[in-house]
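Asker: Turn this into a structure:
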Amino acid sequence: YADLVHHQVALEQKNSALEDAQRFLASVLSSMTDVLIVCDVEGRIQQVNQALEELVGRCEAELRGTSFLALMAPVSRPMAEGFATRIRNDAIHDCEVALIGRDGDEAPLAMNCTSRYDHRGRLVGMVLMGRPVGDLREAYRALEFAYGQLKQAQTRLIGAEKMASLGRLVAGVAHELNNPISFVYGNVHA
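Answerer: Residues are numbered from 1 along each chain as shown. Sure, this is the predicted structure:
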């Protein structure tokens with residue numbers, strides 16, 4: 001009886017620890033702003049996070065079991081079809097793909113894709129993580145515009161400095177010419 005009670009207590013502790021771990025993982029997944037897609041070897045979706053649900057406008061239950069390629073925009077499908085074979089050799093980093101968004105428009109992402117292994121070290125699928133690049137592109141455009149403005153201001157400033165230097169030179173030459181001319185003019189009357 002004591003062994004049975006001891007095993008029951010150990011089982012309840014492990015169950016509690018497992019529930020805590022599940023709550024922790026669920027809170028981490030829901031707080032991520034990057035898109036997360038977990039697939040099996042054939043590319044069927046097993047789990048997604050809230051960021052992807054909001055991006056595509058579909059819940060995890062609808063997506064589970066479908067191919068991740070169905071989320072890809074037509075322009076990105078040929079590249080994404082090779083993910084399953086490419087991850088066997090190496091991870092994929094910062095590959096730009098586009099997903100079909102909530103409104104049917106394309107949502108560009110910088111995608112990373114890595115292999116997922118089971119406890120025996122066998123390949124069981126892949127994990128896709130994507131960061132939206134729309135905001136990043138807009139920031140780059142703003143940075144490029146500001147850089148262009150800065151270059152124009154620098155060019156105008158250099159031109160103004162050249163004109164100021166020329167003005168000082170002309171004023172110095174005029175002063176040097178004015179002294180002898182004034183002397184001659186003053187003595188002409190005499």
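
Asker: how near is residue 35 to residue 99?
Answerer: Taking CB to CB, to the nearest Å as the measure, residue 35 falls 8 Å from residue 99. The C-beta positions use only the backbone N, C-alpha and C, and glycine is treated the same way.

Asker: Let me know the next secondary structure element after the strand or helix carrying residue 3.
Answerer: According to DSSP states H and E, residue 3 maps onto helix 2-31. Scanning forward in sequence from helix 2-31 by DSSP H and E, the next helix or strand is strand 35-40.

Asker: who touches that following strand?
Answerer: Outside strand 35-40, the residues that touch it by CB atoms under 8 Å, 6 or more residues apart in numbering are 29, 45-49, 51-52, 55, 68, 71, 99, 109, 116, 124-132.

Asker: for stretch 169-188, same thing?
Answerer: Outside stretch 169-188, not one residue touches it by CB under 8 Å, 6+ apart.

Asker: Spatially, what comes nearest to residue 76 if we skip its sequence neighbours?
Answerer: Excluding its sequence neighbours, the residue lying closest to residue 76 (CB to CB, 6 or more residues apart in numbering) is residue 97, at 4.0 Å.

Asker: Quickly list what the one you found is bridged to.
Answerer: Beta-bridge partners of residue 97, counted by DSSP bridges, are residue 109.

Asker: buried stuff in the helix holding residue 3?
Answerer: residue 29 (16 or more other CB atoms under 10 Å).
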